[in-house]
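> Predicted model follows, preceded by the sequence.
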Amino acid sequence: MRALTWQGTQKVSVETVPDPTIIDPTDAIVRITSTAICGSDLHLYGVLGPFIDKGDVLGHEPMGVVEAVGSGVTNLKVGDRVVVPFNISCGHCFMCRNGLQSQCETTQVTEYGSGAALFGYTKLYGQVPGGQAEYLRVPHADYGPIVIPDDGTPDDRWLFLSDILPTAWQAVQYADVPEGGTLAVLGLGPVGQFAARIGKHLGYRVLAVDPEGVRRDLGAKYDIETFDLSDDLVSELVDRTDGRGSDAVVDAVGMEAHGNPVAAFAQRAAGLLPDALARKAIETAGIDRLAAVHTAIDLVRRGGTVSLSGVYGGMADPMPMMTLFDKQITIREGQCNVKRWIDDIMPLVSDPTDPLGTLDLTSHRVSLEDAPHMYEVFQKKEDDCVKVVLDPAMAASAAA
């Protein structure tokens, strides 16, 4: 089959690799019909290479059609249309029973002290082949895959159940906004878009910040108050919230180095070290750009909540503990527990009126063969790129 593989720092390529097969009784094989590039894939592309081997298959936002099931899978049948959550969980351990599927005790990567295994996401999370491919082996398919209607609705209606939609839902739930309160969202990439729309749907006033005009315009379609990134952003937003600040803030940015030369240098330097040294540097150093976190802490009102949905990778990032203590700020964060939120989200995704705008998020739908080019476009925020979906059945673009 054809699959998108990691080949080095800022180098990926589509290669022919062996087809996946059933290994365990609870496995399934899914033929991929759509698979997205996630913002966290860009961390693998540019920063976390020391935890990847050349040839690893990337991708953790897939959906498709079941082609085969193991003898232990009774909840799926060949031909079912399914979305595959990015975290691999068993459904029956203590963590799964308590709604913490991202901490599944069956698939925890104990070698690295990490939580549940993830598709296509480094040795830190199990080095499981990912879904930017024609086919995907799905472990624990007796629990994980989400069966969706085979009714001709576009894949984009359902695809984002794999990661970014439940990630945004969890971010807003963790934000603990009071009824009728104000939610600020930092970053209007895919997760930020959905977090802002969810906040609006739940009846909150939503203030959202992004330096890219196309992303602000997309948010404004949902009656979200949008703001450019500026030097006086915090004071402006505090003034708009009775001088107190927002009740809660979602940081949907994460470990970007864009705009911070120190963080960018640290990330590049870590990526150029021999793998063993680079892994140690990433595990023990502060390599993150923390501007969004610090902005969130400044922007939230006293007694409010900061909800982190963006991915951070450094282990020695400095935090303003005195300010956190003084303002009595609650911080909640973590990998999304996808299956925990599906029952809450499914009615909205199934609604023909598409209240969360699942059908207007994708800015680029291209072939799998075009993936290397689109990684670069997405990273550089070129061509008004917001969300990229790869279609393995689509012919490659001549331009790519």
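That came through fine.

> Identify the residues contacting the residue nearest the centre of the chain.
Closest to where the C-alpha atoms of the chain average out (Cα atoms, centre = their mean) is residue 164, at 4.9 Å. Under the criterion of Cβ atoms under 8 Å, 6 or more residues apart in numbering, the neighbours of residue 164 are 36, 38, 61, 190-191, 194. C-betas here are computed from N, CA, C, even on glycine.

> which of the residues you listed lies closest to residue 249?
residue 191 (13.9 Å; Cβ to Cβ).

> Would you mind measuring from that closest one to residue 324?
Distance from residue 191 to residue 324, counting by Cβ to Cβ, to the nearest Å: 23 Å.

> Neighbour count for these two, which is higher?
A count of neighbours by other Cβ atoms under 10 Å puts residue 191 above the other of residue 191 and residue 324, at 29 against 14.

> what about the more buried one, which SS state?
Three-state call for residue 191 (DSSP: H, G, I helix; E, B strand; the rest coil): helix.

> thought it was touching residue 171?
Yes. Using Cβ atoms under 8 Å, residue 191 is in contact with residue 171, at 7.0 Å.

> Please enumerate the shared neighbours of these two.
252, 309.

> hmm, which helix or strand of this structure has the shakiest average pLDDT?
Counting by mean pLDDT, DSSP states H and E, the weakest-scoring helix or strand in the chain turns out to be helix 261-272, with a mean of 47.

> Quick check: residue 163 touching residue 83?
No. If you go by Cβ under 8 Å, residue 163 and residue 83 don't touch, sitting 9.6 Å apart.

> joint contacts of those two?
Between them, residue 163 and residue 83 share no contacting residue under Cβ under 8 Å, 6+ apart.

> What count of nearby residues applies to residue 375?
There are 23 residues near residue 375, going by other Cβ under 10 Å.

> just the one 10 residues further on next, same as before
For residue 385, the tally of surrounding residues (other Cβ under 10 Å) stands at 20.

> try residue 150
11.

> which residues touch it?
Contacts of residue 150 (Cβ under 8 Å, 6+ apart): 79-81.

> How about residue 191?
Here residue 191 is in contact with 39, 164, 167-168, 171, 252, 309-310 (criterion: Cβ under 8 Å, 6+ apart).

> try 6 Å
By Cβ atoms under 6 Å, 6 or more residues apart in numbering, the contact set of residue 191 is 164, 167-168, 252, 309.

> Residue 345 now?
residue 169.

> For residue 142, see how far away it is.
22 Å.

> got it, and residue 254?
Computed as Cβ to Cβ, the residue 254 to residue 142 distance reads 32 Å.

> Residue 209 too?
Counting by Cβ to Cβ, the gap from residue 209 to residue 142 is 42 Å.

> Tell me which stretches of the stretch 101-250 of the chain form strands.
135-138, 146-147, 182-186, 205-209, 225-227, 246-251 (DSSP state E, counting those that start in this stretch).

> before we move on, what SS does residue 377 have?
helix.

> Please apply the same query to residue 7.
With three-state DSSP as the basis, residue 7 sits in strand.
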